[in-house]
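[1] A structural model of the following input is requested.
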Amino acid sequence: MHSVPILIALSCWAAMAVAQGQQQTTGETDPMAGLLLPIKDAPLSVDVVVMTEKRQAEGKFDKQTNTGKVYRDSAGRTRVVSSFLMQPIYDPVAGFQFMLIEQLKLAIRVKLPPTEPSQRLGFGFLGAGSELMLEPGEKTHQHEDLGTQTIEGIEFHGSRTITTMVAEPAEVGIDDHWISQELGLIAIIQNSSPMRKLTVKIQNLIREEPDPSVFLVPPEYTIRDSETLRK
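    Sure, this is the predicted structure:
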């Protein structure tokens, strides 16, 4: 199982924990968390730039840029370092995922469900189309093949999904993804909807083993199991 669904499920709990700690931070789901699959024997580290534009009440777009880094080692562990609310460590070897909340020095620990060795990992997408799915009404979906392009020396395949509200044809969500299934990596995400635009791009790809310490919970963090946050 990939880390994205677990990350989303925990976002509300983490936001409440931050509120209880009276700290301020962004509560948005980090799109960097969905760039890497936890596959083995494909170590890498890569810088990521996230550009977001949100439509405000007066119609103008508020622009924001975040930068971060994602890591994966040969064992399939992954780590995201960013300025978003949660910084996940996905450790299929130990059987846990940790959500680090830097403002609280808190690590939320989630036990990973067992998986079959033959189970194929896949990406989970949350984009403009997903936003429109929350709106009532009939929708149409159109899929397009964007071909291939070379990014950071790797060939990536592009796909596009266009989601349209039937009753409101002007409400359109467009989701583009450029993926290397072999490397288990997304190089570019471009989402647009009437309310938001999102662009995620990688750069400075290094295909070497990262420092093992990036996959460890820092010693100054308190570890709490996710079940305790429900009580």
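[2] quick one: pLDDT of residue 116?
    With respect to pLDDT, residue 116 scores 60.
[3] same question, residue 127
    For residue 127, pLDDT reads 61.
[4] In this protein, where is pLDDT below threshold?
    1-29, 59, 115-122, 124-133, 229-231 (pLDDT under 70).
[5] Kindly report which residue of it is located farthest from the centre.
    No residue in the chain sits farther from the centre than residue 167, which is 30.9 Å out by C-alpha atoms, centre = their mean.
[6] Is the residue nearest to that residue when sequence neighbours are not counted part of a helix or strand, or is it coil?
    In space, and not counting its chain neighbours, residue 167 is closest to residue 137: 5.2 Å by C-beta to C-beta, 6 or more residues apart in numbering. Yep, even glycine has a C-beta here, placed from its N, CA and C like the rest. State at residue 137, reduced to three classes by DSSP: H, G, I helix; E, B strand; the rest coil: coil.
[7] What segments of this structure are helices?
    For the chain, applying DSSP state H gives helices covering 3-20, 128-133.
[8] residues in contact with the spatially closest residue to residue 135 that is not a sequence neighbour?
    Closest residue to residue 135 apart from its sequence neighbours, by C-beta to C-beta, 6+ apart: residue 165 at 6.7 Å. Residues in contact with residue 165 (C-beta atoms under 8 Å, 6 or more residues apart in numbering) are 132, 135, 137, 138, 139, 171, 172.
[9] Please identify which of these is nearest to residue 155.
    Checking the contacts of residue 165 against residue 155 with C-beta to C-beta, the nearest one is residue 172 at 29.0 Å.
[10] Check the spacing between the residue lying closest to the closest one once chain neighbours are set aside and residue 47 real quick.
    Spatial nearest neighbour of residue 172, chain neighbours left out: residue 164 (5.1 Å); criterion: C-beta to C-beta, 6+ apart. Relative to residue 47, residue 164 is positioned 34 Å away (C-beta to C-beta, to the nearest Å).
[11] Of those two, which one has the most company?
    Per other C-beta atoms under 10 Å, whichever of residue 164 and residue 47 has more neighbours is residue 164, with 19 against 14.
[12] Beta-bridge partners for that one, please?
    residue 140, residue 172 (DSSP bridges).
[13] just the strands in the protein please.
    Per DSSP state E, the chain carries strands over the ranges 44-55, 61-72, 78-81, 87-91, 96-101, 106-111, 139-151, 154-165, 172-180, 185-192, 196-206, 222-225.
[14] In JSON lines: those, plus distance to residue 34.
    Putting those into JSON lines (distance: least, C-beta to C-beta, whole Å) gives the following:
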{"stretch": "strand 44-55", "distance to residue 34": "11"}
{"stretch": "strand 61-72", "distance to residue 34": "10"}
{"stretch": "strand 78-81", "distance to residue 34": "9"}
{"stretch": "strand 87-91", "distance to residue 34": "10"}
{"stretch": "strand 96-101", "distance to residue 34": "13"}
{"stretch": "strand 106-111", "distance to residue 34": "16"}
{"stretch": "strand 139-151", "distance to residue 34": "17"}
{"stretch": "strand 154-165", "distance to residue 34": "15"}
{"stretch": "strand 172-180", "distance to residue 34": "10"}
{"stretch": "strand 185-192", "distance to residue 34": "7"}
{"stretch": "strand 196-206", "distance to residue 34": "9"}
{"stretch": "strand 222-225", "distance to residue 34": "24"}
